[in-house]
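Engineer: Here you go, sequence then predicted model.
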Amino acid sequence: MLVLKKEDMIKSFSMREAIDADKEALSLYSAGKASVPLRTNIEVPKNHGQSLYMPAYVDGQKDALGIKIVSVYPENIEKNLPSVPATMIVLDPKTGMVSACLDGTHLTQLRTGAVQGAATELLSRKEAKIGALIGTGGQAEAQLEAMLTVRALEEVRIFDINFERASAFAKEMSRQFSATIRPTKTSQECVEGADIITSVTTSKQATFSAEWIKKGAHVNGVGAYTPEMCEIPRELVKKADIVIFDTMAGVLEEAGDFISPLKDGYVQRADYHGELGQLVNGELMGRTNDEQITLFKTVGSAVLDVVVAAKIVEKAKDKQLGIEV
């Protein structure tokens with residue numbers, strides 16, 4: 001079995017490769033070539049934790065099979081341990097034997113940044129110059145890298161409810177990327193006039209106002225992943241010309257910012273146009289002019305994990321990275 005740490009994975013696989021892998025994964029998913037059971041959530045009340053299991057099988061040019069195990073143990077912080085540890089197990093689709101074990105936390109950050117990058121590449125205006133990123137948590141760096149990978153942005157504005165945190169993040173990211181990266185004190189300053197806006201928070205209320213979004217902008221909702229969470233304003237959900245999801249079933253099951261307006265009758269089911277995989281497959285029309293506002297929502301899917309993980313393992317073997325056990 002090959003064991004890959006975060007450092008091995010970074011050396012093996014770029015954000016550009018992850019974006020292309022995510023497109024392939026969602027293409028196969030929308031074409032009905034993936035089996036993705038609902039994730040299993042096991043409560044561990046004695047230790048105030050949860051253990052979640054996310055399996056998938058993809059029937060592609062190269063098959064992919066695996067399961068991601070994610071635990072949520074908030075009290076781990078007091079023990080100097082990650083509060084959301086994750087591990088990815090890759091199996092050989094031909095034999096069912098475990099073939100690799102990967103850092104699931106890095107995998108999640110990579111494939112989630114990449115799916116936003118894929119949507120941004122397919123839906124935003126090619127000449128986009130100004131980006132906005134709301135939220136500076138564990139997902140933020142990959143989200144920033146993905147935006148900068150697919151568009152030649154000159155400036156990216158950063159907003160967080162804690163300005164010091166936004167400033168520290170912007171300073172650190174300025175060392176890594178060539179674009180101007182600057183913190184903002186309000187979400188309005190962050191998103192007003194921006195061409196690409198990405199919100200990656202666990203907020204239960206909208207992180208910006210729809211009236212601040214200019215014509216032609218592309219917006220990504222990445223953070224909210226429960227029916228109680230809501231970072232995208234419902235006014236924007238209604239106002240957007242094109243609304244695309246990573247998976248229709250996942251978003252309508254988990255994302256409060258899209259479940260609630262539909263349930264209330266504020267929008268109709270027909271206002272949700274389809275899946276990113278359908279766009280990749282040419283079944284849906286994307287942006288057709290520079291005035292349209294496009295909106296993408298992702299809640300994640302194990303199909304992304306297994307496809308990206310399988311490709312990372314393949315590249316790592318080619319580069320002789322990782323440890324065989």
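Structural biologist: That came in fine, so what should we check first?

Engineer: okay, which residue is most central for this protein?
Structural biologist: Centroid check for the chain by C-alpha atoms, centre = their mean gives residue 112 as the closest residue, at 2.6 Å.

Engineer: Surely that residue is within a strand?
Structural biologist: No: using DSSP: H, G, I helix; E, B strand; the rest coil, the assignment for residue 112 is helix, not a strand.

Engineer: Next, work out how far apart it and residue 267 are.
Structural biologist: 25 Å (C-beta to C-beta, to the nearest Å). From N, CA and C alone the C-beta is placed, and that goes for glycine too.

Engineer: For the stretch 1-150 of the chain, just list every one of the strands.
Structural biologist: 2-4, 34-35, 40-44, 49-58, 64-72, 86-91, 98-103, 130-134 (DSSP state E, counting those that start in this stretch).

Engineer: Make sure the residue nearest to the centre of the chain is actually in contact with residue 139.
Structural biologist: Yes: with contacts counted by C-beta atoms under 8 Å, residue 112 reaches residue 139, the gap being 6.0 Å.

Engineer: intersection of neighbour lists for the two?
Structural biologist: Shared contacts of residue 112 and residue 139, defined by C-beta atoms under 8 Å, 6 or more residues apart in numbering, comprise residue 222.

Engineer: out of the strands of the stretch 1-150 of the chain, nearest to residue 78?
Structural biologist: strand 49-58 (12.9 Å; C-beta to C-beta).

Engineer: Give me the angle between the closest one and strand 86-91.
Structural biologist: 30 degrees (axes from the mean of the first three to the mean of the last three C-alpha atoms, to 10 degrees).

Engineer: how distant is strand 49-58 from the center of its chain?
Structural biologist: Per C-alpha atoms, centre = their mean, to the nearest Å, the displacement of strand 49-58 from the mean C-alpha position of its chain is 17 Å.

Engineer: cool, stretch 233-244 as well?
Structural biologist: 19 Å.

Engineer: buried stuff in that stretch?
Structural biologist: Under the neighbour-count criterion of 16 or more other C-beta atoms under 10 Å, stretch 233-244 has 233-234, 236-237, 240, 242-244 buried.

Engineer: Give the rounded mean pLDDT of that stretch.
Structural biologist: Average pLDDT, stretch 233-244: 98.

Engineer: First-to-last residue distance for that stretch?
Structural biologist: Taking C-alpha to C-alpha, to the nearest Å, the first and last residues of stretch 233-244 lie 16 Å apart.

Engineer: what's the answer for stretch 82-98, then?
Structural biologist: End-to-end for stretch 82-98, by C-alpha to C-alpha: 25 Å.

Engineer: deepest of the strands of the stretch 1-150 of the chain, which one?
Structural biologist: strand 130-134 (a mean of 27; mean count of other C-beta atoms under 10 Å).

Engineer: May I have that strand exported as CSV, CA atoms only?
Structural biologist: The C-alpha trace of strand 130-134 is given here as CSV (Å, rounded to 0.1, in the frame of the first residue of the first chain):
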residue,chain,number,x,y,z
ILE,A,130,-10.8,41.6,-10.0
GLY,A,131,-11.4,38.7,-7.6
ALA,A,132,-13.1,38.7,-4.2
LEU,A,133,-12.7,36.0,-1.5
ILE,A,134,-14.9,35.9,1.6
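
Engineer: Stretch 169-186: how far from the chain's middle?
Structural biologist: Distance, centroid of stretch 169-186 to centroid of chain: 20 Å (C-alpha atoms, centre = their mean).

Engineer: can you pull out the strands in the stretch 151-300 of the chain?
Structural biologist: Using DSSP E, counting those that start in this stretch, strands in the stretch 151-300 of the chain cover 155-159, 180-183, 196-199, 218-221, 242-245, 274-275, 294-297.

Engineer: Would you indicate which residues of the first one are buried?
Structural biologist: This points to strand 155-159. Residues of strand 155-159 classed as buried by neighbour count (16+ other C-beta under 10 Å): 156-159.
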